[in-house]
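1. Got a predicted model here, sequence first, then my questions.
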Amino acid sequence: MSTPPTLGVILAGGLSRRMGGGDKPLLRLGDKTLLERVAERLRPQCSAGLILNANGDPARFRAFTGFVVPDSIPDAPGPLAGVLAALDFCAAHHPDVPYVASVAGDTPFLPHDFVARLHAARARDGVEMAVAASGGQLHFVNGVWAVTLRHDLRAALVERGLRRVGMWIARHNAAEAAWETEPVDPFLNLNTPEDVFAAERLVANGDRSPIQ
C-alpha cells in the first residue's frame with residue numbers, strides 16, 4: 001500500500017528532569033545534535049514536511065528547518081499535548097493531510113520504515129492510530145494519528161484531565177507495529193547520562209541500526 005500524506009512532528013516539549021533539565025534534543029551525539037539525527041531520519045518519511053513541538057523561546061531551535069509549534073494547553077501536560085498541537089497545526093496549515101506521525105526527540109536510531117509500517121498496521125486493523133513497539137514494549141509517543149482525532153484528544157486533556165498516553169490509545173484500539181531490537185533497539189531513547197554514553201558507543205561503532 002502507498003503511504004498516505006503525513007506530517008511529521010518531533011516532540012521536544014518535555015522537561016528532561018532525569019537529564020538535569022534543559023533541552024534534551026539539543027544534546028550532541030557524535031558530531032550532531034539528537035534533534036538533527038531524529039530529523040534526518042523522520043523528514044524523508046513525511047510527505048507533508050516536519051515540525052517541532054517545543055515550548056518557550058523558539059529561537060533556541062533556530063537550526064531546525066521547519067515550524068516550532070508550542071503546546072496549546074498550559075502547564076506542560078505531557079506528550080499528548082504535543083500530539084494535539086501537531087494535529088491542530090496540520091488541520092490549520094495542511095487541510096488535505098489526514099495523518100500526523102510523532103516521535104520522541106531523543107530517539108536517534110529511529111527506523112527508516114517507521115511511518116510506512118505504522119500506516120500498514122493501522123490499515124490492517126482498520127483503526128485511526130498505530131504505535132511502535134520493540135522488545136515487548138509499546139512506545140506510546142512514537143505513532144501515527146488521524147487528524148480527525150484532535151477533538152477527542154482535546155476533550156480528553158481539557159475536560160477529563162487525561163495525561164497518560166496509554167489510556168487514550170486504549171480507548172481507540174490502537175494498532176501496533178513491532179521492530180526487532182538487534183543489533184540495536186531503534187527506539188532507544190536517552191533518558192539518563194548512561195543512555196547517552198551507550199548511544200555514543202553505537203555512533204562510534206558506525207550506528208549499525210537497521211535500515212528496514
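-> Received, thanks.
2. Please state the offset of the biggest helix by length in the chain from the chain centre?
-> Longest helix in the chain by number of residues (criterion: DSSP state H): helix 79-93. On the basis of CA atoms, centre = their mean, to the nearest Å, the separation between the geometric centre of helix 79-93 and that of its chain is 12 Å.
3. After it, which helix or strand is next?
-> strand 99-104 (DSSP states H and E).
4. tell me the angle of that next one relative to helix 79-93?
-> In terms of direction (axes from the mean of the first three to the mean of the last three CA atoms, to 10 degrees), strand 99-104 departs from helix 79-93 by 140 degrees.
5. where are the low-confidence patches of this protein?
-> Scanning the chain for pLDDT under 70 picks out 14-22, 76, 206-212.
6. If we ignore the residues flanking it in sequence, what's nearest the residue most central in space within it?
-> Centroid-nearest residue in the chain, with CA atoms, centre = their mean: residue 103, separated by 1.2 Å. Spatial nearest neighbour of residue 103, excluding adjacent residues (CB to CB, 6 or more residues apart in numbering): residue 142 at 5.2 Å. C-beta: built from backbone N, CA, C; applies to glycine.
7. quick revisit: who does the residue nearest to the centre of the chain form a beta bridge with?
-> Each beta-bridge partner of residue 103 is listed here, defined by DSSP bridges: residue 10.
8. could you pull out the helices for the protein?
-> Counting by DSSP H, residue ranges of the helices within the chain are 34-42, 79-93, 114-125, 150-158, 165-171, 193-204.
9. Looking at those, which is nearest to residue 64?
-> For residue 64, the closest of the helices of the chain is helix 34-42, at 6.3 Å, according to CB to CB.
10. now the angle between helix 79-93 and the strand ranked longest in the chain, please.
-> If each strand of the chain is counted by residues according to DSSP state E, the longest one is strand 137-146. Taking the same axes, to 10 degrees, one finds strand 137-146 and helix 79-93 inclined to each other by 20 degrees.
11. Noted, bye for now.
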